[in-house]
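Undergrad: let me see the structure of the following:
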Amino acid sequence: MATIAQADSAPATLARASDIQSERGNPHWTRHPGDRALDTIPGDDGWPVVGTTLTQLADPAGFNQRMVAAHGPVYRTRSFGRRGVNLIGPDANELVLFDRDRLFSNEQGWGPILNLLFPRGLMLMDHDAHRIDRRALSVAFKPEPMKAYCDLLNRDIAAGAQSWGAGADQFGLRVYDAIKALTLQTAATSFLGLPLGPEAERLGQAFTAMVQASVAPIRRPLRWTAMGKGVAGRRMLVTWFTRLLDERRADPGQDMFSQFALARRDDGTLLPADVVVDHMIFLLMAAHDTITSSFTTLIWHLACNPDWQDRLRAEAAAVTGTTPGGPVPALPQDALARMELTDLAFKEALRIMPPVPAMPRRALRDFTFGGHHIPAGTTVGINPAAVHADPVLWPEPDRFDPLRFTPDKVAARHKYAWVPYGGGAHMCLGLHFATMQTKILTHHVLSRYQVSVPDGYAPRWQAWPIPRPRDGLQLELRRIC
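TA: This is a model prediction of the structure:
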């Protein structure tokens, strides 16, 4: 932490801190081949100095549509200071995510974006190192801990949702903000084994600063920049989690952090403290930021489609035995599989707005795709959001239609047409936790409230790095029990 702690005061140290994002600080990385090596790839270098960075950040979906229309599904950009190649389509998703031949590096793809903020997160690890730590961390998602998480989620989500509106029968709510606060609290009780007190706001602000810094055009952690604020947020979280880790190793519980604190590698050794802390920070971010994004997308579309809202509410009532006007019971773990319509609706929300819209890698060797030779060291990006909106794969892609995910329709589609959780060895470790939490959220929110859209309201969304409504998503809620 010394390097980062000094990053606000010394230009030379700033340069060293920034090196962790590049080959200079990572001599084992495959060297970028140089911009001229990609001359044969069709594309656009954008403006002098900034390249395509600002255009891409301003409207990722529109930018991709224009590039594919002009250059095809393999195109070149120049974002964040150097040229890279984007591969668009389900075949590209399969090539990169399944990665049969270990052709791509997650570490070297995500590292330039996340190394100052979420170093050594599981998503940033490769091959054997990834396999070893993933196996160690997977103990936290085994049946017994998952049962404990389910009970805690029911308790905390019920209490949080019931408190909205301070008892009013009808009220407006910034749904994204309310869900983000709730999921941070539920993540703390499920993952850390403690309720958050006054520090909740500081922790939430730190995570927000770190996520927003990931796509900051200025990559050095100067105090006044988004990256500087993100690095400061990380510094605070490392201090907080390190202190908590010592407590958990001395007195473990059933929470996820205790499971990680005691996790061992194949040789029987405990994961080092700094590794556990880095994994925990990354997973806590994923658990509340990505779930908040996905559930907000779901509740928005249910507000716009009251017929589906009614169907999911009726399903929850049938599964849990909820009666009109009566108390809302918990959704037990053994009933989760019966929330079939909720599962379809959640998958459709993930299609419309995947929480990780684009995924970078670095090529470790030369390869050919779509008739184009792409040299080793090239940054290669795939775009799940673009594939999820392809009308060839998804007729009327802007329409909310959960029945796209019935088994017969899934079987008829390309396996990699829907990849909100990634794929291959890096398939999201917490996907079952995310599905469980979303079903519990849906049950407790819809069993208590009718959700509707104010007249004339149309939210604007920030697409990257994790989609969110710019105004917090102002919806109307009417209490029904």
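
Undergrad: what residue is smack in the middle of the chain?
TA: In the chain, the residue lying closest to the centroid (CA atoms, centre = their mean) is T290, at 3.9 Å.

Undergrad: quick one, longest helix in the protein?
TA: Using DSSP state H, we find that the single longest helix of the chain is helix 226-250.

Undergrad: how close does the residue nearest to the centre of the chain sit to P221?
TA: The gap separating T290 from P221 is 24 Å, by CB to CB, to the nearest Å. C-beta coordinates here come from the backbone N, C-alpha and C atoms, glycine included.

Undergrad: point out where the chain drops to low pLDDT.
TA: For the chain, residues meeting the criterion pLDDT under 70 lie at 1-18.

Undergrad: let's go with 50 and repeat that
TA: Applying pLDDT under 50 to the chain flags residues 1-15.

Undergrad: so where do the strands sit in the stretch 101-250 of the chain?
TA: Assigned by DSSP state E, counting those that start in this stretch, the strands in the stretch 101-250 of the chain fall at 104-105, 170-174.

Undergrad: ranking those strands by burial, who's on top?
TA: A comparison of the strands of the stretch 101-250 of the chain by mean neighbour count, using mean count of other CB atoms under 10 Å, puts strand 104-105 on top with a mean of 24.

Undergrad: what pairs with it, and is each one parallel or antiparallel?
TA: Sheet partners assigned to strand 104-105 using DSSP bridges are listed as strand 359-363 (antiparallel).

Undergrad: where's the helix or strand that the strand it pairs with is followed by relative to the chain centroid, distance-wise?
TA: Sequence-wise, the next helix or strand downstream of strand 359-363 (DSSP states H and E) is strand 367-369. Computed by CA atoms, centre = their mean, to the nearest Å, the chain-centroid distance of strand 367-369 equals 28 Å.

Undergrad: in strand 367-369, what's buried?
TA: Within strand 367-369, the residues that qualify as buried are F367, F369, counting by 16 or more other CB atoms under 10 Å.

Undergrad: what does stretch 432-450 give?
TA: Under the neighbour-count rule (16+ other CB under 10 Å), stretch 432-450 has 433-450 buried.

Undergrad: just the residues you listed: which are in strands?
TA: Here DSSP state E is the test, and the buried residues of stretch 432-450 give Y449, Q450 as lying in strands.

Undergrad: what segments of the stretch 301-450 of the chain are strands?
TA: Using DSSP E, counting those that start in this stretch, the strands of the stretch 301-450 of the chain run over residues 359-363, 367-369, 372-374, 379-382, 449-452.

Undergrad: so what does the last one touch, helix or strand wise?
TA: In this structure, strand 449-452 makes packing contacts with helix 291-304, helix 306-320, strand 474-479, judged by 3 or more CB pairs under 8 Å, 6 or more residues apart in numbering; DSSP states H and E.

Undergrad: ok so, going back, in the longest helix of the chain, what counts as buried?
TA: Buried residues in helix 226-250, counting neighbours by 16+ other CB under 10 Å, are found at 226-238, 240-241, 244-245, 248.

Undergrad: separation between the residue lying closest to S190 once chain neighbours are set aside and M427?
TA: Closest residue to S190 apart from its sequence neighbours, by CB to CB, 6 or more residues apart in numbering: Y149 at 4.5 Å. Between Y149 and M427 the computed distance is 19 Å (CB to CB).

Undergrad: number of residues surrounding Q474?
TA: By the criterion of other CB atoms under 10 Å, Q474 has 16 neighbours.

Undergrad: residue contacts, it?
TA: Going by CB atoms under 8 Å, 6 or more residues apart in numbering, Q474 touches G172, L173, R174, V175, P454, Y457, P459.

Undergrad: tell me the one of these nearest F405?
TA: Lowest distance from F405 to the contacts of Q474 (CB to CB) belongs to V175, with 23.4 Å.

Undergrad: so that closest one touches G472, yeah?
TA: Yes - if you go by CB atoms under 8 Å, V175 and G472 touch, sitting 7.2 Å apart.

Undergrad: higher neighbour count, those two?
TA: Just comparing V175 and G472: by other CB under 10 Å the higher neighbour count belongs to V175, 24 against 17.

Undergrad: quick one, what contacts the closest residue to that one other than its chain neighbours?
TA: Using CB to CB, 6+ apart and skipping the chain neighbours, the partner closest in space to V175 is L473 (4.5 Å). Applying CB under 8 Å, 6+ apart, we find L473 in contact with R174, V175, Y176, T296, I299, W300, P459.

Undergrad: scan those residues and report the most crowded one.
TA: Neighbour max across the contacts of L473 (other CB under 10 Å) = T296, 26 neighbours.

Undergrad: mind checking how far the closest residue to it other than its chain neighbours is from E247?
TA: Closest residue to T296 apart from its sequence neighbours, by CB to CB, 6+ apart: Y176 at 4.6 Å. Distance, Y176 to E247, using CB to CB: 32 Å.
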